[in-house]
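Novice: Kindly generate the corresponding structure for this input.
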Amino acid sequence: QVQLVESGGGLVQTGGSLRLSCAASGLTFSRYRMGWFRQAPGKERDFVTSIERSGGSRYYAESVKGRFTISMDNAKNTAYLQMNSLKPEDTAVYYCAASARWSVTTRPGEYDYWGQGTQVTVSS
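Specialist: Modelled structure (predicted):
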């Protein structure tokens with residue numbers, strides 16, 4: 001059974017930082033592209049970033065470029081999202097996801113597995 005478990009969310013002030021973790025089990029971690037998405041209340045689930053299997057190329061949404069960094073540790077089967085210079089508009093539930101596709105994809109429907117999400121709230 002595949003499980004993705006996010007942690008590290010919380011409440012932070014504008015300009016602060018958080019690091020989210022996504023621990024994976026039940027899959028061969030190095031064979032999957034890992035991604036992070038976020039969903040604010042009343043909005044669609046939006047792509048944030050993804051990293052190629054085994055920690056290769058990274059791809060970021062324009063809104064987070066230069067502030068967020070995705071990484072992965074294959075030995076720990078864990079992906080990370082370092083979020084710096086946080087803004088109130090970053091407030092959302094953050095989800096990690098795994099995709100077996102080779103190519104970069106920003107579409108939620110092209111990710112095979114999802115975590116339960118972790119809340120990030122940035123106060124002004």
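Novice: For the residue most central in space within the chain, give me its contacts.
Specialist: Residue closest to the average C-alpha location in the chain (CA atoms, centre = their mean): residue 36, at 2.3 Å. If a contact means CB atoms under 8 Å, 6 or more residues apart in numbering, then residue 36 has 20, 22, 48, 49, 50, 70, 79, 81, 94, 95, 96, 97 as its contacts. For the C-beta atoms, the positions are set from N, CA and C on the backbone; glycine is no exception.
Novice: Let me know the pLDDT of the nearest residue to residue 46 once chain neighbours are set aside.
Specialist: Of all residues not flanking residue 46 in the chain, residue 38 sits nearest, at 5.7 Å (CB to CB, 6 or more residues apart in numbering). At residue 38 the predicted local distance difference test score is 98.
Novice: in the sheet, who's paired with residue 38?
Specialist: Residue 38 has the following beta-bridge partners by DSSP bridges: residue 46, residue 94.
Novice: any idea how far residue 77 is from it?
Specialist: Computed as CB to CB, to the nearest Å, the residue 38 to residue 77 distance reads 22 Å.
Novice: The residue nearest to the centre of the chain and residue 28, how far apart?
Specialist: Summarising the geometry, the distance separating residue 36 from residue 28, computed by CB to CB, is 20 Å.
Novice: CA atoms only for whatever helix or strand the residue nearest to the centre of the chain lives in - export them in PDB, please.
Specialist: Residue 36 belongs to strand 33-39 when assigned by DSSP states H and E. The C-alpha trace of strand 33-39 is given here as PDB (Å, rounded to 0.1, in the frame of the first residue of the first chain):
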ATOM      1  CA  ARG A  33       8.700  12.300 -10.000                       C
ATOM      2  CA  MET A  34       7.700  14.000  -6.800                       C
ATOM      3  CA  GLY A  35       5.600  17.100  -6.800                       C
ATOM      4  CA  TRP A  36       4.000  19.600  -4.500                       C
ATOM      5  CA  PHE A  37       0.700  21.200  -5.000                       C
ATOM      6  CA  ARG A  38      -1.400  23.600  -2.900                       C
ATOM      7  CA  GLN A  39      -5.100  24.400  -2.600                       C
END
